[in-house]
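Colleague: show me the folded form of this:
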Amino acid sequence: MMFHEAYALSRGYDHIAGIDEVGRGPLAGPVVSAAVILNVDYVPIGVNDSKKLSEKNREALFDVIMENCISYGVGIVSEKIIDKINILNAVKLSMKIAVEAMKTPPDFLLVDAITLDNIDIPQKSIIKGDSLSVSIAAASIIAKVCRDRIMTAFDRYYPDYGFAKHKGYGTKSHFDAIKKNGLSPIHRVTFVHIC
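Modeller: Numbering: from 1, shown residues only. Below is the predicted model:
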């Protein structure tokens, strides 16, 4: 999973950031992106696509990545902005915010499945990048843990929807809660159609 990083390093880039997002498909809550520059001398064991890891492993790797990476940034775009500009533009915006939040600016980007036309930094878009690049996989873990924590916090404000359990995704219990209670303030209106 270091092939793409090695390629960029061989061309003289020093600070290679992996970028990924979480929350493109849910009915509620923000989309969250992370950008991570790993220390190539210390790549945590077990880093993989966040969807392939248990919650316990993600949480443990989150701490290790945060403690040992060169730099990271997180970008959060709310459901209100998603409804205004659409999900693809919201994903690109969240990725831009994540890059701009980094204390050490990257000089090359490895991006999961998207080309960022709103960022003037050399980049490579990689389909299924979270399974092919350790930097993108690390970003996917940071983004996933951050978003899950946000949705768990929202569950305390809106306990009738089960956000801590399904994290805003369209499960049967979530649809049943919407039918019973209507939309909460954090639902994406453009994603939810109730007859």
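
Colleague: residues touching the residue lying closest to Y42 once chain neighbours are set aside, list them.
Modeller: In space, and not counting its chain neighbours, Y42 is closest to N68: 5.2 Å by CB to CB, 6 or more residues apart in numbering. All C-beta atoms are positioned from the backbone trio N, CA, C, and that covers glycine. Counting by CB atoms under 8 Å, 6 or more residues apart in numbering, N68 touches 38-39, 42, 44.

Colleague: count the neighbours of I87 for me.
Modeller: 19 (other CB atoms under 10 Å).

Colleague: one step back: most neighbours among the contacts of N68, which one is it?
Modeller: When neighbours are counted by other CB under 10 Å, L38 leads the contacts of N68 with 26 neighbours.

Colleague: any idea how far that one lies from N86?
Modeller: Distance check for L38 against N86: by CB to CB, to the nearest Å, it reads 31 Å.

Colleague: pretty sure Y72 sits against N39.
Modeller: No - using CB atoms under 8 Å, Y72 makes no contact with N39, being 11.4 Å away.

Colleague: the helices in this protein, which residues?
Modeller: In the chain, the helices defined using DSSP state H lie at 3-10, 55-68, 79-85, 87-100, 129-132, 134-157, 163-166, 172-181.

Colleague: residue contacts, the closest residue to E21 other than its chain neighbours?
Modeller: Sequence neighbours aside, S33 is the residue nearest to E21 in space, at 4.2 Å (criterion: CB to CB, 6+ apart). Taking CB under 8 Å, 6+ apart, we find S33 in contact with 19-22, 74-75, 91, 94-95, 97-98, 139, 143.

Colleague: next one: I37
Modeller: Contacts of I37 (CB under 8 Å, 6+ apart): 15-18, 69-72, 102, 104, 106, 135.

Colleague: check contacts around the residue positioned nearest the centre of the chain.
Modeller: For the chain, the residue sitting closest to the mean C-alpha position, by CA atoms, centre = their mean, is E21 at 2.7 Å. Applying CB under 8 Å, 6+ apart to E21 gives the contacts 31-34, 91, 94-95, 112, 143.

Colleague: low-confidence stretches in this protein?
Modeller: 194-195 (pLDDT under 70).

Colleague: sort out for me which of the contacts of N68 are in strands.
Modeller: Among those, DSSP state E puts none in strands.

Colleague: closest to E5 among the contacts of E21?
Modeller: Of all those, E5 sits closest to D112, with 14.1 Å by CB to CB.

Colleague: so how far is stretch 82-90 from its chain's centroid?
Modeller: Relative to its parent chain, stretch 82-90 has a centroid offset of 15 Å by CA atoms, centre = their mean, to the nearest Å.
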